[in-house]
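>>> Just need the structure, nothing else, for what follows:
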Amino acid sequence: MRRFSGSILAASNNPGLPMIRLAISPCPNDTFMFHGLLRDPQWRDRLELRLSDIAELNRLAASGEVDFAKVSCAEALRLDATHEILAAGAALGRGCGPLLVSRGHKSAAELARSEILIPGRSTTAFLLLRGFLGRDFRPTEKIFSAIMPALASGEADAGLIIHESRFTYPQHGLNLVRDLGAWWEEESGLPIPLGCIVARRDLPASLRQEFSAALGRSVALALSRPWRDQPELAEFIRGHAQELSEEVLDQHIRTYVNSESIELSDEGRRALVELKRLL
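Below is the predicted model of the structure:
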């Protein structure tokens, strides 16, 4: 496995096996899920890995610059004509949604026409925020890891936070306005589909199926015992995480990785259909 940038594929060690371009996030749930696949002898020499934030991952998939990518479920639904959602690798569950937070105590009504920092217009988080608040607020895009520091410094009054930020926002003096995952669950009765792995539909169907099956095995292996008891996995997770607190890393993995990450259930697929109504 090697890192890459740009859209030019490097040559495989085996000319008969072209390189596969893979893009995921550096977040603990993704590194946790993909570690086993990235070490698998069947795949590791064929993979070129790129680590990016979710807005960039969505862009990479939409532009066709990568073959397999972690994307927001909202973007996956928009890309349905060109990309298939894989059965493995989803971040989908309950109690795991994005949070609308504010500097000072603000109500949803007060924020309905305000500037709100968001992690990208193509994210599921933004789609949920728009469903909750309507379309009159003023979104300003910022990389997800910079939103809380920007709020704490007074750059804006409110922000939409995802990933590890869900567990650390009180440390930045921020207040919860609405848990959008809880709002979604109340409205739909379904788990919230946040992210998933997509594959270009012009790839061979056998490759897409084999990759999904290998990823499912990778997730199941990682879940088979505590990640901190797996030294190579733990080092890989810590080496890329924004937040190094053991407690936060553990919370993140337990929140975003579950049986739906091994294989999407019928309920998980219904949640995707319901989310599409917000597009």
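
>>> In the chain, where is pLDDT below threshold?
For the chain, the stretches flagged by pLDDT under 70 are 1-16.

>>> Walking through the stretch 1-150 of the chain, point out its helices one by one.
Assigned by DSSP state H, counting those that start in this stretch, the stretch 1-150 of the chain shows helices spanning 28-39, 54-63, 73-78, 108-111, 124-133, 144-152.

>>> Same list (those helices) but as TSV, adding mean neighbour count and distance to Leu272.
For every residue, glycine as well, the C-beta is placed using N, CA and C. Listed next are the helices of the stretch 1-150 of the chain as TSV, based on neighbours: other CB atoms under 10 Å; distance: least, CB to CB, whole Å:
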stretch	mean neighbour count	distance to Leu272
helix 28-39	23	18
helix 54-63	21	16
helix 73-78	24	6
helix 108-111	15	26
helix 124-133	23	10
helix 144-152	20	22
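
>>> Include distance to Ser224 when you put the ones you listed into CSV, please.
Shown next, in CSV, are the helices of the stretch 1-150 of the chain (distance: least, CB to CB, whole Å):
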stretch, distance to Ser224
helix 28-39, 10
helix 54-63, 27
helix 73-78, 26
helix 108-111, 42
helix 124-133, 28
helix 144-152, 30
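
>>> Could you point out which of those sits nearest Ala222?
Ala222 lies closest, by CB to CB, to one member of the helices of the stretch 1-150 of the chain: helix 28-39, at 5.2 Å.

>>> Give the other helices and strands that the closest one contacts.
strand 20-24, helix 205-223, helix 231-240, helix 246-256 (3 or more CB pairs under 8 Å, 6 or more residues apart in numbering; DSSP states H and E).

>>> Mind doing that once more with 7 Å?
Packing partners of helix 28-39 (3 or more CB pairs under 7 Å, 6 or more residues apart in numbering; DSSP states H and E): helix 205-223, helix 231-240, helix 246-256.

>>> could you give the angle of it to helix 246-256?
80 degrees (axes from the mean of the first three to the mean of the last three CA atoms, to 10 degrees).

>>> What residue spans form the domains of the chain?
What the record gives for the chain is the domain set 2-93+192-276, 99-188, from automatic domain parsing.

>>> how deep is Val219 tucked in, by neighbour count?
27 (other CB atoms under 10 Å).

>>> unless I'm mixing things up, it is touching His35, no?
No. Here Val219 does not reach His35: they are 9.6 Å apart, not a contact under CB atoms under 7 Å.
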